[in-house]
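Engineer: only geometry, no sequence info:
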């Protein structure tokens, strides 16, 4: 069974204090690993897709990296508007379903 | 405007009373999916559909049915709702099953008493 574990559950940062979120996964093959952002009361919003170990993607203050067992979402010099829950998801190589982790809730204080 | 719509947004019902939550997308997407979100458990996929001919189970399909008669619509059916199906439900779509820039709907909060 595919498993996705995100840590920490919650992260409180000062504005400008860089940090990283972890997503470890167990899947039979990997078709893709995905990062989403979710604001309170809204549906998730797509951020990145990573397909193979060593791949990196960047968007503004966010950078996602992938190894064979885990992915990191690095937040550089965060701002209060980066406060959200960040979700990681994986799709196995032999299927088209999607398994999500429980998420990391990030709070950035001004 | 490209979007996924869900109706109703809020629903309170009683155990055993059949209900349908509608989902529609206007982006000509092939892949559509339903999720439920519960505190501490994250998003769990209920069913997905790769196109109008193919629908398959996600991780938590028990107690749910889906139908994909048209590309744009993917309703979620609860034939006999139970209290453990109280949850926040999201519909999502993407261009294909391999394109995971999924667009999510606004969510439907369901309470079963």
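Structural biologist: Great, that's in hand. Computed from a predicted structure; not experimentally measured. Numbers count the residues shown, from 1 in each chain, chains lettered A, B, ... in the order given.

Engineer: Only C-alpha atoms from now on, for both contacts and neighbour counts.
Structural biologist: OK.

Engineer: check contacts around residue 64.
Structural biologist: Chain wasn't specified; assuming chain A. With contacts taken as CA atoms under 8 Å, 6 or more residues apart in numbering or on different chains, residue A:64 has the following neighbours: A:48, A:50, A:56, A:57, A:58, A:71, A:72, A:73, A:74.

Engineer: that answer is for a different chain, and I need it for chain B
Structural biologist: B:46, B:76, B:77, B:78, B:79.

Engineer: now do residue A:105
Structural biologist: Applying CA under 8 Å, 6+ apart, the residues near residue A:105 are A:9, A:10, A:11, A:83, A:84, A:85, A:86.

Engineer: For the last one, which non-adjacent residue is closest in space?
Structural biologist: Distances taken as CA to CA, 6 or more residues apart in numbering or on different chains place residue A:37 nearest to residue A:86, at 4.6 Å, with adjacent residues excluded.

Engineer: And whichever residue of chain B sits closest to chain A, how close does it get to residue B:95?
Structural biologist: Closest contact between chain B and chain A, by CA to the nearest CA, is at residue B:42 (3.9 Å). Between residue B:42 and residue B:95 the distance, using CA to CA, to the nearest Å, works out to 24 Å.

Engineer: just residue A:70 next, same as before
Structural biologist: Residue A:70 sits at a distance of 26 Å from residue B:95 (criterion: CA to CA).

Engineer: try residue A:25
Structural biologist: Residue A:25 is 25 Å from residue B:95, where distance means CA to CA.

Engineer: neighbour-wise, which of these two wins?
Structural biologist: Between residue A:25 and residue B:95, residue A:25 has the larger neighbour count (other CA atoms under 10 Å in any protein chain shown), namely 23 against 17.

Engineer: The more buried one belongs to a helix?
Structural biologist: No - counting by DSSP: H, G, I helix; E, B strand; the rest coil, residue A:25 is not found in a helix; it is strand.

Engineer: my guess is it contacts residue A:70, does it?
Structural biologist: Yes - when contacts are counted by CA atoms under 8 Å, residue A:25 is listed as touching residue A:70 (5.8 Å).

Engineer: circling back: so which of the contacts of residue B:64 is surrounded by the most neighbours?
Structural biologist: residue B:46 (26 neighbours).

Engineer: name the element that residue belongs to?
Structural biologist: Secondary structure here is read from DSSP states H and E; on that basis residue B:46 sits in strand B:42-51.

Engineer: Just confirm residue B:58 contacts residue B:45, I think it does.
Structural biologist: Yes - if you go by CA under 8 Å, residue B:58 and residue B:45 touch, sitting 4.9 Å apart.

Engineer: Counting neighbours, go ahead and name the busier of those two.
Structural biologist: When neighbours are counted by other CA under 10 Å, residue B:45 comes out ahead of the other of residue B:58 and residue B:45, with 23 against 20.

Engineer: quick one: the strands in the chain?
Structural biologist: In the absence of a named chain, this looks at chain A. Applying DSSP state E to chain A gives strands spanning A:3-7, A:10-14, A:19-26, A:32-38, A:45-50, A:56-59, A:62-66, A:70-75, A:84-91, A:99-100, A:104-109.

Engineer: Not quite, go with chain B.
Structural biologist: When assigned using DSSP E, the strands of chain B occupy the ranges B:4-7, B:10-13, B:19-25, B:31-38, B:42-51, B:54-57, B:65-66, B:76-78, B:87-94, B:103-104, B:108-112.

Engineer: Right, I'll leave it there.
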